[in-house]
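S.K.: A structural model of the following input is requested.
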Amino acid sequence: ELLISQRTVLKGAVNKTRYKEVQEEIRMISQALRDSTKNLCRNLQDNPNVSGNLLKIQRERKDIAEVLHLTVQELSGGGSFGELIHTVTQDMREQEKLTRMLHHDHEMSGMV
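M.R.: Sure thing, here's the model as predicted:
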């Protein structure tokens with residue numbers, strides 16, 4: 001919400017560079033949220049354990065809130081968002097690793 005309000009303020013400002021940075025940050029957060037939601041939906045389908053799923057949802061929500069909080073602090077302090085970039089990059093690596101593992105498992109099960 002803070003980023004959206006900053007975007008609105010910066011849109012009319014002379015500093016278009018800052019506006020574009022905030023716009024890009026919003027895009028990155030949206031993408032990370034979409035990826036996280038996709039992973040969560042996949043896990044919910046694979047694991048219909050309601051209590052386990054509830055804990056996973058709460059953990060995901062807490063992690064996202066923490067990253068957003070750190071990002072807002074970084075933006076306020078120096079206008080950068082390195083923590084967000086680090087977190088998104090790390091999550092993408094983990095997702096790629098899981099994809100490779102699933103592909104490998106699928107290949108191995110086809111050999112049996």
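S.K.: check contacts around the most centrally placed residue in the chain.
M.R.: Closest to where the C-alpha atoms of the chain average out (Cα atoms, centre = their mean) is residue 32, at 2.5 Å. By Cβ atoms under 8 Å, 6 or more residues apart in numbering, residue 32 lies in contact with 64, 67, 84, 87-88, 91. Backbone N, C-alpha and C define where each C-beta goes, glycine included.
S.K.: let's see 7 Å
M.R.: 88, 91 (Cβ atoms under 7 Å, 6 or more residues apart in numbering).
S.K.: that one and residue 38, how far apart?
M.R.: Separation of residue 32 from residue 38 (Cβ to Cβ, to the nearest Å): 11 Å.
S.K.: so which strand or helix has the residue nearest to the centre of the chain?
M.R.: Per DSSP states H and E, residue 32 falls inside helix 16-46.
S.K.: helices or strands next to the next helix or strand after that helix in the packing?
M.R.: Counting by DSSP H and E, the next helix or strand C-terminal to helix 16-46 is helix 50-78. On a contact count with 3 or more Cβ pairs under 7 Å, 6 or more residues apart in numbering; DSSP states H and E, helix 50-78 meets helix 16-46, helix 82-111.
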